[in-house]
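> Fold the following, please.
(chains A and B)
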Amino acid sequence: MKKKMKKGKITMIITAGIACFALVLVMTMQFKIVNQADITSIENMRESELSTELANWKTRYDEVNQQYEDTLNKIEEYKNNKESNEETNNLMDSELEQINMSLGKTDVEGEGIIININETDNEEVENITADDLLLIVNALKLAGAEAISINDERVINMSDIVYIEAAGVIRVNGERILAPYRIKAIGDPSYLESSLTGNGGVVDDMKKKEQDVTIQKENNITISKYNGEITTKYME
Amino acid sequence: MQNKRVVAIVLGVMCFALTAGICIQMRTVEGTNSAVSNNYEENNLRAEVLRYKERYDNKVKDLADAEAELEKERESATQNDTELQEKEKEITEGNKILGLTEVTGSGVIVTLGDSKKDASSSLDPSMLLVHDTDVLSVINELKNAGAEAISINDQRIIPTTGIICGGNIIDINGEKVGAPFEIKAIGLPEQLAALDRPGGYLALLKDYSIEVKLEKSNNITIPKYTGTITYQYAKSVD
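Numbering: from 1, shown residues only, chains lettered A, B, ... in the order given. You can find the predicted model right below:
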């Protein structure tokens, strides 16, 4: 009688042991899967994300295709006008115009928005910081702004927006920027505005802090060119 | 008899705990949607995305070839005129600054990785992650230190590049990149390395136990921007 019970106990322990082992094994495997899941991979995207991704790649394909066609046309033109220095000169000028525009070396105009930011008299409201301006500029770029300036200082590729503690001022491109701030951006006015004022947008956040920010949509804004020299010394 | 009951209860509790653990994990796996989804519609979309990505990649290659040919044509068209040669140089230089050609030079490589600290040990676990605003601030400081060209995980920064995060990934130039972020910058290495100064942004990130590494290098290659710069709203006025 005693022996029999012991046997039953052993069987039970072994069964339980196997069950536990199997469960632990499954858990470990799952941990591995979770670890392996690469969140940037499209394998792990859901339907809505995939649709956005598809639209994104379609647009990018169209853009690059357009650029490709343009380049082929340019090659053709250079070939056809090889004998004429004057024609070649014109071709180069039009290429340079496009490049200088992208570099910020020309005045540009178009529709867009103007953001006006004032410091308030209320001492409880935080002052405007260089980071606020940096976040606004970043949000404008994300919303497709084609040209941006802060107090008429053009934002170019390597523009910095920093607070100089020793002097107590904000500098953009190394130039002093004082309140009130006026940020101009050329692009789709409605889209630019809504991406800033939408829930969680930069301007929305600032307004919640009771900072004085207003946005006006404009049909025609002129943004002046970058006044400095753009030089490179270290890159080839 | 009592002994048996205790054993049964202990086993029951253990089984329950393990099953609960598995259930939670299943949920987590479903949440991240990792390699488990077999939805027909999603697979179709996925295939379509891949197809477009491939078409895009091929076009980018074609474009690179065409651009090389254009450069050759330009060179041969300008070889007999010094004034035109000057303009040709200006075009090449402009494209370099804009990020439309690959560049090399001296500089620094900054790597930002999520904190290795146990998330449960922190009051606010999101503080242990690298955010889009962190990357933005580091980029801004690099520009301030005189960087001439910058890339994040090999995505070149161009005039219109914005940085945004969605969940654990950051979107740069429409490409999604995840931590760790490798930020390359070309410029004077000593000046760029000042980013690591006490009180600077990197020091702040280190305070939050973010993994920060900065190395100087004499040979950094920053790839070109693979997209296009187009204007729909802005017009040049002269």
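
> Break the chain down into its domains, please.
No chain specified, so I'll use chain A. A:1-33, A:108-223 (automatic domain parsing).

> sorry, should have said chain B
B:48-98, B:104-222.

> tell me the SS of residue A:191?
Put simply, residue A:191 is helix when judged by DSSP: H, G, I helix; E, B strand; the rest coil.

> do you know how far it is from chain B?
To chain B, residue A:191 is 10 Å away according to Cβ to the nearest Cβ, to the nearest Å. Yep, even glycine has a C-beta here, placed from its N, CA and C like the rest.

> and the residue lying closest to that residue once chain neighbours are set aside, how many neighbours?
Spatial nearest neighbour of residue A:191, chain neighbours left out: residue A:143 (5.6 Å); criterion: Cβ to Cβ, 6 or more residues apart in numbering or on different chains. Other residues within reach of residue A:143, judged by other Cβ atoms under 10 Å in any protein chain shown, total 19.

> And for the one 4 residues further on?
By the other Cβ under 10 Å criterion, the neighbourhood of residue A:147 contains 32 residues.

> cool, residue A:81 as well?
16.

> list the contacts for it?
A:87, A:88, A:91, B:77 (Cβ atoms under 8 Å, 6 or more residues apart in numbering or on different chains).

> Secondary structure element holding the last one?
What that stands for is residue B:77. If you go by DSSP states H and E, residue B:77 is part of helix B:40-78.

> is the helix or strand that comes right after that helix anywhere near chain A?
The helix or strand immediately downstream of helix B:40-78 is helix B:82-98, counting by DSSP H and E. Yes - using Cβ under 8 Å from any Cβ of the partner chain, helix B:82-98 reaches chain A at B:83, B:84, B:87, B:88, B:90, B:91, B:93, B:94, B:95, B:96, B:97, B:98.

> Repeat that for stretch B:183-195.
Yes - using Cβ under 8 Å from any Cβ, we find that stretch B:183-195 touches chain A at B:186, B:187, B:188.

> Hmm, the last one is touching residue B:106, no?
Yes - Residue B:188 is in contact with residue B:106 according to Cβ atoms under 8 Å; the separation is 7.3 Å.

> any common contacting residues for the two?
With Cβ under 8 Å, 6+ apart as the test, residue B:188 and residue B:106 both reach residue A:234.

> Looking at the residues of stretch B:183-195 next to chain A, state which has the most neighbours.
residue B:186 (28 neighbours).

> Need phi/psi at that one.
phi -100, psi 130 (degrees, to the nearest 10).

> Now for it: which residues touch it?
Applying Cβ under 8 Å, 6+ apart, the residues contacting residue B:186 are A:234-235, B:103-107, B:147-150, B:220, B:222.

> related to what we said a few turns ago, which of the domains of chain A has the lowest mean pLDDT?
Ranked by mean pLDDT, those end with domain A:1-33 at the bottom, a mean of 75.

> List the buried residues of it.
Neighbour-count burial for domain A:1-33 flags A:16, A:23, A:30 (criterion: 16 or more other Cβ atoms under 10 Å in any protein chain shown).

> that's a helix at the last one, yeah?
Yes - assigned with three-state DSSP, residue A:30 falls within a helix.

> which residue packs closest to it, ignoring adjacent ones?
residue B:25 is the one closest to residue A:30 (Cβ to Cβ, 6+ apart), at 4.5 Å.

> May I see the buried residues of whichever strand or helix holds residue B:191?
Here residue B:191 sits within helix B:189-192, counting by DSSP H and E. The neighbour-count check on helix B:189-192 (16+ other Cβ under 10 Å) flags B:189, B:191, B:192 as buried.

> Residue B:144 is in contact with residue A:160, isn't it?
Yes - with contact defined as Cβ under 8 Å, residue B:144 reaches residue A:160; the gap is 3.9 Å.

> residue contacts, the residue nearest to residue A:191?
A:187, A:188, A:191, A:192, A:195, A:196, B:162.

> Using a markdown table, lay out those together with secondary structure.
Compiled in a markdown table, the contacts of residue A:143 are given as follows (three-state DSSP):
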| residue | secondary structure |
| --- | --- |
| A:187 | coil |
| A:188 | coil |
| A:191 | helix |
| A:192 | helix |
| A:195 | helix |
| A:196 | helix |
| B:162 | coil |
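
> Which one of those residues sits in the busiest neighbourhood?
residue A:187 (27 neighbours).

> for that one, what are its contacts?
Contacts of residue A:187 by Cβ under 8 Å, 6+ apart are A:110, A:111, A:112, A:113, A:140, A:143, A:144, A:145, A:146, B:233, B:234.

> measure the last one to residue A:159 for me?
Pointing back at residue B:234 there. 17 Å (Cβ to Cβ, to the nearest Å).

> Starting from chain B, give me the distance back to the residue sitting nearest the centre point of chain A.
Nearest to the geometric centre of chain A sits residue A:142, at 4.1 Å (Cα atoms, centre = their mean). Relative to chain B, residue A:142 is positioned 3 Å away (Cβ to the nearest Cβ).

> for the closest residue to that residue other than its chain neighbours, what are its contacts?
Nearest non-adjacent residue to residue A:142, counting by Cβ to Cβ, 6+ apart: residue B:162, 3.4 Å away. With contact set as Cβ under 8 Å, 6+ apart, residue B:162 has these partners: A:138, A:139, A:140, A:141, A:142, A:143.

> that older thread, and the angle from the helix holding residue B:77 to helix B:82-98?
160 degrees (axes from the mean of the first three to the mean of the last three Cα atoms, to 10 degrees).

> could you give the mean pLDDT of whichever strand or helix holds residue B:19?
Residue B:19 is part of helix B:2-32, with elements assigned from DSSP H and E. Within the predicted structure, the mean pLDDT of helix B:2-32 is 77.

> again with stretch A:83-91
For stretch A:83-91, the mean confidence score works out to 83.

> Show me where chain B dips below the pLDDT cut-off.
Scanning chain B for pLDDT under 70 picks out B:1-2, B:28-38, B:118-125, B:166-168.

> Let's see that with 50 instead.
B:34-37 (pLDDT under 50).

> Could you pull up the contacting residues of residue 158?
Using chain A. A:230, B:143, B:147, B:148.

> I was after chain B.
A:157, B:98, B:99, B:173, B:225, B:229.

> about what we covered before: show me what the helix holding residue B:19 is packed up against.
helix A:2-36 (3 or more Cβ pairs under 8 Å, 6 or more residues apart in numbering or on different chains; DSSP states H and E).

> Next SSE downstream of the helix it packs on?
Scanning onward from helix A:2-36 (DSSP H and E), the first element met is helix A:47-80.

> Could you identify the most distant pair in the contacts of residue A:143?
A:188 and B:162 (14.6 Å; Cβ to Cβ).

> now, which of the residues of stretch B:183-195 next to chain A sits nearest residue B:10?
residue B:186 (64.2 Å).

> how many other residues sit next to the residue nearest to residue A:117 when sequence neighbours are not counted?
Nearest residue to residue A:117 in three dimensions, chain neighbours excluded: residue A:181, at 4.2 Å (Cβ to Cβ, 6+ apart). Residue A:181: 20 surrounding residues under other Cβ under 10 Å.

> again, but for the one 5 residues further on
For residue A:186, the count of nearby residues is 29 (other Cβ under 10 Å).

> How about residue B:93?
Other residues close to residue B:93 by other Cβ under 10 Å number 16.

> can you check residue B:79 too?
Residues near residue B:79, counting by other Cβ under 10 Å: 11.

> can you check residue A:83 too?
So residue A:83, with other Cβ under 10 Å, has 8 neighbours.
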